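S.K.: how would this look folded up:
(one chain, ligands or ions: 1)
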Amino acid sequence: MKKSEQLLEHRRREMVETLQRYGIDNRRVLDAFLEVPRHLFFDAAVLELAYNDGAYPIGCGQTISQPYTVACMTTLLVERCSSGKVLEIGTGSGYQAAILDVLGYSVFTVERVVELYARAEALFKELGQHITCRFGDGSVGWAGEAPFDGIMITAGAPKEPEPLLDQLAPHGTMVIPIGDSCSQQMTVISRYENDFRKEVFQQFSFVPLVGKEGWHGTVF
Ligand code: SAM
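M.R.: The predicted structure is shown next:
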């Protein structure tokens, strides 16, 4: 292994140790963070920041979420839905989708910014990841591929979108940050046939979920 690769692997281990110090203890999740080369999802301009525990710009006014945020959302999903078909709304850099793919889910992801969608799709191909991508308004979900065992929304929503509740499998799990434009509470919605149970967790701060069922009512 080249020296530069060894250094990146070392930085990945340090990132995982930081996540453990913050209380992330799911071994499957931590192993996925060790496996996915986070620096490949970064802009060249901020490459050296790839393994810091921060959210950074990815272009088009959007961000790659902080590792701790990705780890929290992934753990909430993994603990309730350990396999199956997962829909992610907000592909962004593609990092969260890549983590889900390494965990063995069948991953579908939707992004509303065409440049980000195209970049992530090319990267998934390059990395040999079988992630199905779509460009469009993910606030209405992906009816043609439903039902999903898991749905993860990686942008801040004003409320849970109705079409996404409909597209959740009978025992499915949705992880979604809900709140106002400044801060959102991480929320898990579990479906039991036609009943939905809600659990709420910590506060986070995401870029907004826009679109028909998100903020502003329109995306394009
Ligand atoms: N999951 C991403 C990653 O791993 O890099 C980070 C997501 S970033 C915090 C939120 C993303 O949601 C942005 O790329 C934004 O364009 C996207 N987004 C916002 N509203 C959307 C919508 N209605 N449909 C699809 N994507 C949306």
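
S.K.: need the residues of this structure near the ligand, please.
M.R.: Contact residues, the chain versus the ligand (CB under 6 Å from any ligand atom): 62-65, 89-90, 92-93, 95-96, 110-113, 116, 137-139, 154-155, 206-207, 209-211, 214, 219. Where C-beta positions appear, they are placed from N, C-alpha and C, glycine not excepted.

S.K.: ok, the nearest residue to residue 190 once chain neighbours are set aside - how many residues close by?
M.R.: Sequence neighbours aside, residue 197 is the residue nearest to residue 190 in space, at 4.8 Å (criterion: CB to CB, 6 or more residues apart in numbering). Residue 197 has 9 neighbours, counted by other CB atoms under 10 Å.

S.K.: which SS class is residue 197?
M.R.: Applying DSSP: H, G, I helix; E, B strand; the rest coil to residue 197 yields a three-state assignment of strand.

S.K.: so what secondary structure elements neighbour the longest helix along the chain?
M.R.: Identified as the longest helix of the chain according to DSSP state H is helix 3-21. With contacts defined as 3 or more CB pairs under 8 Å, 6 or more residues apart in numbering; DSSP states H and E, helix 3-21 has these neighbours: helix 27-35, helix 67-80.

S.K.: okay, those, which one's buried deepest?
M.R.: helix 67-80 (a mean of 21; mean count of other CB atoms under 10 Å).

S.K.: which is the next helix or strand following that helix?
M.R.: Towards the C-terminus, the helix or strand next in line after helix 67-80, according to DSSP states H and E, is strand 85-89.

S.K.: Taking their axis directions, the longest helix of the chain and helix 67-80 sit at what angle?
M.R.: For helix 3-21 against helix 67-80, the angle by axes from the mean of the first three to the mean of the last three CA atoms, to 10 degrees is 70 degrees.

S.K.: Dump the C-alpha coordinates for helix 3-21 into CSV.
M.R.: Presented in CSV, the C-alpha positions along helix 3-21 are these (Å, rounded to 0.1, in the frame of the first residue of the first chain):
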residue,chain,number,x,y,z
LYS,A,3,2.2,5.9,1.8
SER,A,4,-0.6,8.3,0.8
GLU,A,5,-3.2,5.5,1.0
GLN,A,6,-1.8,4.5,4.4
LEU,A,7,-2.2,8.1,5.6
LEU,A,8,-5.8,8.2,4.4
GLU,A,9,-6.6,5.0,6.1
HIS,A,10,-5.1,6.4,9.3
ARG,A,11,-7.2,9.5,9.0
ARG,A,12,-10.3,7.3,8.5
ARG,A,13,-9.5,5.4,11.7
GLU,A,14,-9.1,8.7,13.6
MET,A,15,-12.5,9.8,12.3
VAL,A,16,-14.1,6.5,13.5
GLU,A,17,-12.4,7.0,16.9
THR,A,18,-14.0,10.4,17.1
LEU,A,19,-17.4,9.0,16.3
GLN,A,20,-16.9,6.4,19.1
ARG,A,21,-16.0,9.2,21.5
